[in-house]
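> sharing a model prediction with you, sequence too.
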Amino acid sequence: MSAAPAPMSAADAATAAYELRKANAIARANRPHITDQPMTAKNWWKHLNLLNIYLIVIIPLMGLYGAWYTPLQKWTLIWSVVYYFNTGLGITAGYHRLWAHSSYSASLPLKIYLAAVGGGAVEGSVRWWSRDHRAHHRYTDTDKDPYSVRKGLLYSHIGWMVMKQNPKRIGRTDISDLNDDPVVVWQHKHYLWVVAFMGLIFPTIVAGLGWGDWKGGFIYAGILRIFFVQQATFCVNSLAHWLGDQPFDDRNSPRDHVITALVTLGEGYHNFHHEFPSDYRNAIEWHQYDPTKWAIWTWKQLGLAYNLKQFRANEIEKGRIQQLQKKIDRKRATLDWGVPLEQLPVMEFDDFQEECKNGRALILIAGVVHDVTSFIKEHPGGKALINSGIGKDATAIFNGGVYQHSNAAHNLLSNFRVAVVRGGCEVEIWKRAAGENKDSVSAIDSTGQRIVRAGQQVTKVAEPLVAAPAS
Ligand SMILES: [Zn+2]
Ligand SMILES: [Zn+2]
């Protein structure tokens, strides 16, 4: 009689099943993600996100085909545009400014409306969308940015959805507040129903029951409207990181441009937005196009939105000024401001006079020796006057004794400086001021250039000097 295997108890079976599941999960987690493998002729299709391709490429193409056989009625066109703006606002005012950035608070009816019409834009659930968007802000332009423009404009626009992404690569963000929001949780759980109903069924019913255009409602207010809303909001990730100015910070890619704003219901002031993401506005000037901001403001007047957040104007201006300063510094660095005083050789006064006797056209102003040989012929005051200063301390002459030279003349003079005279009085003043760290003479900009302000050139002397250094 052979021994039969002992029957497995229920507890043992459960443990074995648990161990098996655990082993499978570990194996799955350790398996290299497809994105870690190079794309080849054999595996390229494995790199594609087929569900997304279906949702954002195939369905719109089918819509285009359908439109060919479906005349566009006037009311269907109006309804499509109206529903376009509603579903667009669901993304910009709802998904983006309310949930991803908490830039204001919304009452329950407004939240339900935004979660519904936002779902009708077919861009994923609030929860999924906001998690990626927070990673985009936290890790802008890096590998952890899910739609980094550094991977190419097309990638940031649509490639990141068409191609599979390794979820482990995307930067982690905290979405605990979203997990506590029942509207967000409900929408995430029933997302496919929300998409089907708000994306296609509802716009079709409105056109069908409204004016009998069931097919037009489905094709135009449904499929093609989804396509336009998707492409418009995708532009925030692509165009807004590629086209325009950077008035607040230029270390990363976000940019401000009116065209992007027109396409994206006001999300085009993206440089501002990345600097001040919790501000409910993207455009801060009244004349800039930001209908999302106008909508939120209107909801506030209606009692549907509250706690609208705005960054302090003082802080916004600080950023703007710092960026302007950076641009000025860059421009300053491209100009010739003359050899810095501290790099000039020191000359004895006797040597200065000696060199002039030997034919060099040197003029001493405020302790700085200038070689004006090349300039004598061009001197606006004539050759005779400039020649009369050669070999002398012309500080007083230059500063009003004979002619009160312009700011431009002082600037030009700095290009001719060749030496400083030992003990020259203004140089001594400059050295002392530099030691005391006085702003007017020692301020250095971000490119390392000394800032020479108008009227504060070293050769500019307020009180014309009378006495020349002893010779
Ligand atoms: Zn961005
Ligand atoms: Zn954002």
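Great, that's in hand. Ligands and ions are numbered 1, 2, ... in the order given.

> hey, let's count contacts and neighbours off CA atoms from now on
Noted.

> identify the residues contacting M161.
N49, N52, I53 (Cα atoms under 8 Å, 6 or more residues apart in numbering).

> so it, which state does it fall into?
helix (DSSP: H, G, I helix; E, B strand; the rest coil).

> list the contacts of A361.
D371, V372, T373, N387, I390, G391.

> now swap in D132 and tell me
P146, I170.

> try 7 Å this time
P146 (Cα atoms under 7 Å, 6 or more residues apart in numbering).

> that one falls within a strand, correct?
No. Per three-state DSSP, D132 lies outside any strand segment and is helix.

> quick check, pLDDT for it.
We have a pLDDT of 93 for D132.

> one step back: closest to D143 out of the contacts of M161?
The closest of those to D143 turns out to be N49 (Cα to Cα; 19.1 Å).

> read off the pLDDT value for the nearest residue to A305 once chain neighbours are set aside.
Among residues not flanking A305 along the chain, A106 sits closest, at 4.5 Å (Cα to Cα, 6 or more residues apart in numbering). With respect to pLDDT, A106 has a value of 98.

> then W160?
89.

> around the closest residue to it other than its chain neighbours, count how many other residues there are.
Once flanking residues are discounted, W160 sits nearest to Y147: 6.0 Å by Cα to Cα, 6+ apart. If you count neighbours by other Cα atoms under 10 Å, Y147 ends up with 29.

> checking Y147 next. Helix, strand or coil?
coil.

> which pLDDT does the model give it?
89.

> that one is in contact with G159, isn't it?
No. Counting by Cα atoms under 7 Å, Y147 sits too far from G159 to count as a contact (8.5 Å).

> can you list contacts of stretch 190-197?
A116, G119, G120, V122, S125.

> the last one touches W186, doesn't it?
No. At 9.9 Å, S125 and W186 do not qualify as touching, with contact defined as Cα under 7 Å.

> with neighbour numbers in mind, choose between these two.
Higher neighbour count among S125 and W186: S125, with 24 against 14, using other Cα under 10 Å.

> alpha carbons of stretch 406-424, in CSV - could you do that?
Presented in CSV, the C-alpha positions along stretch 406-424 are these (Å, rounded to 0.1, in the frame of the first residue of the first chain):
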residue,chain,number,x,y,z
SER,A,406,28.9,114.5,-21.7
ASN,A,407,28.2,111.2,-20.2
ALA,A,408,29.0,109.6,-23.6
ALA,A,409,32.4,111.4,-23.6
HIS,A,410,33.3,109.8,-20.2
ASN,A,411,32.2,106.4,-21.5
LEU,A,412,34.3,106.8,-24.6
LEU,A,413,37.3,108.0,-22.7
SER,A,414,37.3,104.8,-20.7
ASN,A,415,38.2,102.9,-23.9
PHE,A,416,41.5,104.9,-24.2
ARG,A,417,42.8,104.3,-20.7
VAL,A,418,46.3,102.7,-20.6
ALA,A,419,47.6,103.3,-17.1
VAL,A,420,47.0,104.9,-13.7
VAL,A,421,49.4,107.5,-12.2
ARG,A,422,50.8,106.7,-8.8
GLY,A,423,49.1,108.9,-6.3
GLY,A,424,46.7,110.3,-8.9
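
> what residues sit buried inside it?
H410, N411, L413, S414, N415, F416, R417, V418, A419, V420, V421, G424 (16 or more other Cα atoms under 10 Å).

> cross the residues you listed against helices and list the overlap.
H410, N411, L413, S414 (DSSP state H).

> from memory the last one sits against W337, does it?
Right, the one you point to is S414. Yes. S414 lies in contact with W337 (Cα under 7 Å); the separation is 6.4 Å.

> picking that back up, who wins on neighbours among the contacts of stretch 190-197?
G120 (31 neighbours).

> mind checking pLDDT for A3?
52.

> how many residues are close by A13?
The number of residues near A13, taken as other Cα under 10 Å, comes to 11.

> so how far is A27 from it?
21 Å (Cα to Cα, to the nearest Å).

> what of H157?
From H157 to A27 the distance is 33 Å (Cα to Cα).

> which one's more surrounded, those two?
H157 (22 against 11).

> quick one, domains of the chain?
50-326, 341-436 (automatic domain parsing).

> mean pLDDT for those: which is lowest?
Minimum mean pLDDT among the domains of the chain: domain 341-436, a mean of 84.

> how close does H136 get to G319?
Distance from H136 to G319, by Cα to Cα: 21 Å.

> the more surrounded of these two?
H136 (23 against 16).

> which residues do S414 and W337 both contact?
Common neighbours of S414 and W337 (Cα under 7 Å, 6+ apart) do not exist.

> residues in contact with the helix or strand hosting A295?
Secondary structure from DSSP states H and E places A295 in helix 291-301. Residues from elsewhere that reach helix 291-301 (Cα under 7 Å, 6+ apart): L89, T92, A93, L265, G266, Y280, R281, A305, Y306.
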